[in-house]
Each structure stands twice: as C-alpha cells, then as structure tokens.
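Q: Here is the input, now give the coordinates:
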Amino acid sequence: MSYVIKPVAFVNNNRKEILDDNWGSILSTIELAENIDISSIKGIEEFSHLEILFYFNKVEDNKIQYEARHPRNNKDFPLVGIFAQRGKNRPNKLGVTIIELIEVKNRQLIVKGLDAIDGTPIIDIKPVMNEFLPKGNVKQPNWSTILMENYW
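A: Numbering: from 1, shown residues only. Below you'll find the model as predicted:
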C-alpha cells in the first residue's frame with residue numbers, strides 16, 4: 001500500500017546544509033503552498049507552539065536505515081533501533097518537531113527552533129495543546145540526553 005502526500009507548506013531559512021546541532025536560535029518562515037487556502041491558518045496565532053511534521057527530502061534512499069545503529073554513528077552510544085532514536089535516515093523520511101510560533105504574516109508563519117533546512121516540505125501543521133503533551137515525567141536514556149546537549 002502506498003500513499004500520496006502533498007506538502008502544505010515549505011521552510012525558508014538560512015540553514016542550507018544538514019547539520020545535527022545548534023537549531024535553537026534558527027528562525028524559519030513556513031510559507032503555505034500555493035494550493036492551500038490562507039484560511040487554513042486562521043486562529044493559529046492564538047497558540048504559542050506548533051507541532052510540525054516534515055519530510056526529509058534531502059535524505060538519499062540508500063542512506064535509509066532499517067536496523068539498529070549507534071546514534072550519530074558514535075560508538076560511545078549504544079546500538080539502538082531506528083525507532084528508538086530521532087535520526088533523519090528513517091524509513092519514511094518523516095520528521096516532527098514542536099516549535100515556537102513567533103508571528104503570523106499573511107501566508108507565512110515565523111517560527112523558532114524548527115530543525116529543518118531551507119526548502120524542506122511541510123506535511124502538516126498542528127497547534128500544541130497541553131492536553132496532547134505527555135502526562136507525568138518523560139523517561140529517556142542518558143545517551144540521548146548527552147546526544148541532545150548541543151542540539152537546541
């Protein structure tokens with residue numbers, strides 16, 4: 001079974017290459033695709049954060065990983081499955097990030113902290129609501145905390 005998914009928007013920022021760290025200060029403009037009506041974002045300015053689903057369009061098919069690996073190919077980290085990490089070389093090339101909404105300008109959303117490079121297709125945009133956030137404490141292994149030290 002296959003699906004056809006068309007982008008609803010595209011990323012515009014000064015990050016041109018795929019890098020693993022320092023995304024926290026990146027300002028991006030998410031521009032609605034031409035076929036998406038501007039009314040689709042009516043009321044979005046009332047939310048402080050958005051959840052962005054995007055497509056890693058620059059990841060080459062031969063780089064996709066279906067098995068366990070060391071995150072960032074760092075042997076100091078344990079061997080873990082692709083679904084136990086957030087790497088870009090995923091089977092369906094999908095990324096998701098919660099970002100801060102700074103401003104809405106016509107067909108553009110100005111956001112901070114989106115870890116997607118310039119030109120990245122946006123698959124979906126959702127408002128972040130407290131009721132959808134995890135309940136209780138979030139558990140994660142120590143290696144992931146170390147890996148993320150310079151990410152944002």
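Q: Lys75 looks like it's in a strand, true?
A: No: per DSSP: H, G, I helix; E, B strand; the rest coil, Lys75 lies outside any strand segment and is coil.
Q: burial measure for it, as a count.
A: Using other CB atoms under 10 Å, Lys75 has 7 other residues around it. The way it works is simple: take the backbone N, C-alpha and C, and place the C-beta from them, glycine included.
Q: For the closest residue to Gly113 other than its chain neighbours, the count of nearby residues, please.
A: Excluding the flanking residues, the one nearest Gly113 by CB to CB, 6 or more residues apart in numbering is Ile99, at 4.7 Å. A count of nearby residues for Ile99, using other CB under 10 Å, gives 22.
Q: For the longest strand anywhere in the chain, could you pull out the residues that count as buried?
A: Criterion DSSP state E: the longest strand present in the chain is strand 94-105. For strand 94-105, burial by neighbour count (16 or more other CB atoms under 10 Å) applies to 95, 97, 99-101, 104.
Q: what's the answer for stretch 8-17, then?
A: Neighbour-count burial for stretch 8-17 flags 8-11, 13, 15 (criterion: 16+ other CB under 10 Å).
Q: Mind putting the buried residues of strand 94-105 into JSON lines with distance to Ile36 and pLDDT?
A: Converted to JSON lines, the buried residues of strand 94-105 look like this (distance: CB to CB, whole Å; pLDDT from 0 to 100):
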{"residue": "Gly95", "distance to Ile36": "20", "pLDDT": "96"}
{"residue": "Thr97", "distance to Ile36": "20", "pLDDT": "95"}
{"residue": "Ile99", "distance to Ile36": "18", "pLDDT": "96"}
{"residue": "Glu100", "distance to Ile36": "22", "pLDDT": "97"}
{"residue": "Leu101", "distance to Ile36": "17", "pLDDT": "98"}
{"residue": "Val104", "distance to Ile36": "14", "pLDDT": "98"}
